[in-house]
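Q: Show me how the following folds:
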Amino acid sequence: MANVSSERPSRKPNRMTGKFYHMNGAYFLTICTKNRHCFLGRVQENTMILSDIGAIAHAELSRIETIYPSVILDQFVIMPNHVHLLVILLSEEHNPSIQRIMQQWKGAVSKKAKFPLWQDRFDDRVIYDAAAFRRIKQYINNNPTLWEEDCFYE
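A: This is a model prediction of the structure:
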């Protein structure tokens with residue numbers, strides 16, 4: 001009989017070692033829908049047209065700064081099967097973690113949509129300089145225009 005381990009296979013950590021995701025600074029986040037289904041709308045003539053679920057996601061994004069006063073949602077784009085966010089944490093002491101912000105937002109959208117909408121994980125990148133910040137803002141702004149070239153396009 002083969003030796004079967006009851007331990008789950010280890011996953012590659014998706015957070016940078018030694019980084020504290022509640023420290024002030026800028027973060028680029030990408031959140032995908034479960035199985036990359038296009039629940040959030042469609043791109044038509046280079047413009048994102050939100051579905052009802054996409055409108056819920058938008059409304060809940062608009063609440064982030066109210067829920068977390070030390071957070072600025074600098075820019076975002078909702079795409080058919082993913083969302084890009086540019087988040088700035090302002091406070092030295094009173095920031096929620098990026099994980100907490102995403103958990104709250106994803107949970108609120110899924111609850112209103114009445115089904116689990118999101119992949120378990122999300123991608124995050126710490127933004128270290130002004131040039132990267134500008135590139136990411138431009139990328140977010142141009143995302144609907146470049147939809148058919150996007151790695152999430154299906």
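Q: in the chain, which spans are strands?
A: 25-32, 41-44, 47-50, 71-78, 82-89, 123-127 (DSSP state E).
Q: Save the ones you listed as JSON lines, and put in mean neighbour count, distance to Tyr153 and mean pLDDT too.
A: Where C-beta positions appear, they are placed from N, C-alpha and C, glycine not excepted. Output for the strands of the chain, formatted as JSON lines (neighbours: other Cβ atoms under 10 Å; distance: least, Cβ to Cβ, whole Å; pLDDT from 0 to 100):
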{"stretch": "strand 25-32", "mean neighbour count": "19", "distance to Tyr153": "12", "mean pLDDT": "96"}
{"stretch": "strand 41-44", "mean neighbour count": "16", "distance to Tyr153": "9", "mean pLDDT": "96"}
{"stretch": "strand 47-50", "mean neighbour count": "14", "distance to Tyr153": "13", "mean pLDDT": "96"}
{"stretch": "strand 71-78", "mean neighbour count": "18", "distance to Tyr153": "14", "mean pLDDT": "96"}
{"stretch": "strand 82-89", "mean neighbour count": "22", "distance to Tyr153": "10", "mean pLDDT": "96"}
{"stretch": "strand 123-127", "mean neighbour count": "16", "distance to Tyr153": "17", "mean pLDDT": "93"}
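Q: Make a markdown table from the ones you listed and add distance to Tyr139 to it.
A: Output for the strands of the chain, formatted as a markdown table (distance: least, Cβ to Cβ, whole Å):
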| stretch | distance to Tyr139 |
| --- | --- |
| strand 25-32 | 9 |
| strand 41-44 | 15 |
| strand 47-50 | 14 |
| strand 71-78 | 9 |
| strand 82-89 | 7 |
| strand 123-127 | 11 |
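Q: and Ala57, which of these is closest to it?
A: Of all the strands of the chain, strand 71-78 sits nearest to Ala57, with 5.5 Å by Cβ to Cβ.
Q: Fine by me, we can end here.
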